[in-house]
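Engineer: coordinates only, sequence not included:
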DNA sequence: TAAGTTTGTTTAATGGATTTACAAACATTC
DNA sequence: GAATGTTTGTAAATCCATTAAACAAACTTA
C-alpha cells in the first residue's frame, strides 16, 4: 500500500505498454498499437513521440497500406544502449554484453583462482573494465551491470553468503557502483538462470516456471506470474535440499536423503568412480569422459546416466505435484547429458506425476546452456534501466 | 498487458488505499489518512465522502484534539453487507455468514450423504436459502457467496474434478448464481483455508505462506506476495503427493512414498490399527479415541503421534528449503492433535532444515480449526465485492 | 484574550487521457 | 483518371482526478 495513483503513474503505465508492443510486435504502426491496447490514437502518438525523442524507438519507413494511408512502422532501438551481464563462478568469470533485446554482442571469460575476496573483486573489476572498453558507441552507453553469484543476496546488493566463494557480507553492488558509476543488480546465479531462460531461452511465454540448475549441487529459480520469486528472505532456491528419501544418507546441509545426493554431477561422479574403479581407476571423473564413454556404447555408463535421470525425474515430480508450473527447465552442467538423461527422466515423470498438473506442462532442457545465468544477469540490468527511465512500472 | 492507465484507474487505486486505511487503522481521521498515504487532504476528503455515500464508511464522532480542531473519526461500516461462506465437505456442508470484516454472525452445519450430484446441490441450495433467511438487514444484503470444494476448479466457476464427491465438470458457480442472483466464487478447499488463515487466522501479516491441510490426505494452499497462487492449471495444492521416499510404497496417485502416506489421518489410523489390534481389536479408529488414549498416557499412542509429527516435519522441511515461506500453517483434522505432534515435528524440522530460510520462519498450527476454509470462502466473496464496487484494484 | 495548531473544505491550476475533427495518403471502383 | 471510401496520424477542445494554495472553523495553550 505505498504507491498511490496520480497522472504520473498513468503515463508510466501507458508508456510501458506502448514500449512493450514496440519491443514485441515490431515493426508496428501507431494505429495498430492504439487498436491493440485500447488507448486512443492521440495518446499513442504522444507517447511514441517521447520514445522517439529518448531514442528508445525509431521509425523505419512506411509499411504496406491496407486500403488507406500507409502506416509509419516503428522499431525498438535495441542498440540505444548495452547491458553487461556477469556470471561470477567459483573458478571463472563469464561476461556478456548484450543490446537492449538481450542479443549478445561481446563475450568474455576468464579463470580466477578464488583465493581471497579482494583478489576476486579485482579480477571482476578488470573484467568489467575490459567489457566497457569493448562496448560499441551508443546513446546510453552501458545501461547497467547484472551479476549472478553462487550464493544468496539480501535484495539490497549485499552478498550475504557464498560458501563456495568463501564470501560473507560483501557489499558487492556498492563496490562496483562506486568504481564504475553504473547501476548494478546482484542476484543468485540460479535466479539469474531462471530469468535468462524465461526471457531468452526455453521459458519464453511461460508465466510460471521452475528452473533447475544441476551442477555439483542443485540450485533453482522460481518464476511466478512472470516475476522472480525470491522467497521471504531471498532464499527460495534450495530445491536440491528437498529430501526424496526421508531415511537416506546425511547431506552436508543436515537433512537426509536430499535430492542432490541422487541427481547431480557429484552423485554421477560418485557412482561412476565405484563403477569404473577397476578399469579406469584413478582417472579424474569428468563430464567429458563419461559422455564419450556413453557415446562409445559403454553400457555401465549409460545405465549410470539413466539412473541419475530417474532421480532427476523423482524430484521433478515433486515440483510438478506441489507447484504446478507450466514449464520446468533443466540447466547446469548436467544438462549437457540431456540425451542420456531424458528417457529415464521422462519415464519416471510420467509414471509418477499426477495427470492433471502434467497436462499442460512442458519439461525441457536448457536452450542457453552455460549462458543462461549470464544472460539473465543482462536481463536484470535491462529491467532496472527501463524502470529508472520511467518507461516501465514498479 | 491489458489494463491501461486512465483517471478511472487512478481513482480506483486511491479509493482502495483510503478504504484500506479505514479498515485497518480505524478509528482514523481524514487528516491522518492523508498523512499516512501521501495523498492530499483534498483528495482524501473527496474519496472519503464517496465512501460515506456508499455506506462503506461512517463517521463516529470527534476524536481527541492534539492542539487544534478535533478530528472527525471514521469507521469502516462492516455491517453494510454480509458474506456467505460455504465449506462443501464430503459428508457435511458448513456455512458461515460474516460481516465485511469477516466476523462471523451466523453459523450452520448440515450432514449430507453425498449420493448424487443433484441431491448434493439441492442440499447446498437449501443451506444457502436458510442462511439468506437468517441474514440481518443491511444496505447491500448478501454481497457474495464463496464456496470451498474438495477438488479443483478451473478459475471460471467450474468444478473440474472432485473425486471424493464424485463430481466432474459441474458448473457450480453458474448454477448458484442463476438460483440466487448473487455473485459466487468457487475455489479449492485448501486454497480457501490458506486465505482464511491469512486474513483472519495464524497467517495475518504474512505475505508468503503455505497452508497445509492434513486430513484423510494432505492438501495445501500457497500464498505468494499476498496473493493465492493457483498454479498454471489451477492445481497447485498437491504437496501431499510429494514423495519423501523415492522407493516407498505406491500411492493411489501412482507416485511412490508420497508424504501423505506418512503424515495424515489415514497414516495415523493405519499404524494405530496395527498397534491396537490386540487390546482394542475391531474398534473403529477415530481421532477422539486416539486423543483420549494419549491423554490417558497410553505410550504406544503417544509414540504414534510423535512418529506422524516426525514425518510432518520431514515434509515441512522440504517446503522450507524449496520455498522459503515466512509462515507455514498446519490445519485440518490432524491439527487437533497439535499438542502431541508439535515436539517431534519441531525436532525433525530443526535438525533438517537449512538455517537461513528457517531464520524468519514461523510454523504454526491453525488458529481457526475447522473453520479456516469456510472463513476463507467468505473472504473470497468480500474481495470480489470490493473489486466490483470499484473500491479495489485488479 | 491573543496566538498558534489542526482539521477539513473550497478554489484554481496542472497534466494526463479522451473526444471530435481533420488533413494527408492511399486503394478501389467505375 | 476522377470519384469514393479507408486508413493513418495530428490538432484542438474537453474532461476529470490530483495537487497546491488559501481559508474558515474548531480547538489548545500561554
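Structural biologist: Yep, that arrived. Just so we're clear, the structure is a prediction, and the values are computed from it rather than from any experiment.
Engineer: which regions of the stretch 51-200 of chain A lie under the pLDDT threshold?
Structural biologist: Within the stretch 51-200 of chain A, no stretch has pLDDT under 70.
Engineer: Around DNA strand C, which positions in it sit nearby?
Structural biologist: A:62, A:65, A:67-70 (Cβ under 7 Å from any atom of the strand). Any C-beta I mention is one placed from the backbone N, CA and C, and that applies to glycine too.
Engineer: These also near DNA strand D: which ones?
Structural biologist: Residues shared between these and the neighbourhood of DNA strand D are A:65, A:67-70 [Cβ under 7 Å from any atom of the strand].
Engineer: Counting neighbours, which of the residues you listed comes out on top?
Structural biologist: Of all these, residue A:70 has the most neighbours under the rule other Cβ atoms under 10 Å in any protein chain shown, reaching 12 neighbours.
Engineer: neighbouring contacts of stretch A:195-202?
Structural biologist: A:102, A:203-204, A:206, A:209, A:211, A:221, A:223, A:226, A:228, A:327, A:329, A:331, A:364-368, A:371-380 (Cβ atoms under 8 Å, 6 or more residues apart in numbering or on different chains).
Engineer: Can you tell me which of the residues of the stretch 51-200 of chain A next to DNA strand C is closest to residue A:388?
Structural biologist: Nearest to residue A:388, judged by Cβ to Cβ, of those is residue A:62 at 33.4 Å.
Engineer: Near the closest one, how many other residues are there?
Structural biologist: Residues near residue A:62, counting by other Cβ under 10 Å, number 12.
Engineer: farthest pair in the residues of the stretch 51-200 of chain A next to DNA strand C?
Structural biologist: A:62 and A:67 (14.4 Å).
Engineer: hmm, back to that, could you identify the buried members of the contacts of stretch A:195-202?
Structural biologist: Using 16 or more other Cβ atoms under 10 Å in any protein chain shown as the burial test, the contacts of stretch A:195-202 include A:102, A:203, A:206, A:209, A:211, A:221, A:223, A:228, A:327, A:329, A:331, A:364-368, A:371-380 as buried.
Engineer: Just name the closest of the residues of the stretch 51-200 of chain A next to DNA strand C to residue A:136, please.
Structural biologist: Among those, and counting by Cβ to Cβ, the member closest to residue A:136 is residue A:62, at 28.4 Å.
Engineer: Now do whichever residue of the stretch 51-200 of chain A sits closest to DNA strand C against chain B, distance only.
Structural biologist: Of all residues in the stretch 51-200 of chain A, residue A:69 sits closest to DNA strand C, at 3.3 Å by Cβ to the nearest atom of the strand. Going from residue A:69 to chain B by Cβ to the nearest Cβ, to the nearest Å gives 25 Å.
Engineer: backbone phi and psi for that residue, please?
Structural biologist: Dihedral angles of residue A:69 (phi, psi; degrees, to the nearest 10) stand at phi -60, psi 140.
Engineer: residue ranges of the helices in the stretch 1-150 of chain A, please?
Structural biologist: Secondary structure of the stretch 1-150 of chain A, counting by DSSP state H, counting those that start in this stretch: helices at A:7-24, A:30-37, A:41-53, A:117-134.
Engineer: Which positions within the last one qualify as buried?
Structural biologist: Neighbour counts over helix A:117-134 (16+ other Cβ under 10 Å) mark A:117, A:120-121, A:123-124, A:127-128, A:131-132 as buried.
Engineer: go on, the first one?
Structural biologist: Buried residues in helix A:7-24, defined by neighbour count with 16+ other Cβ under 10 Å: A:9-23.
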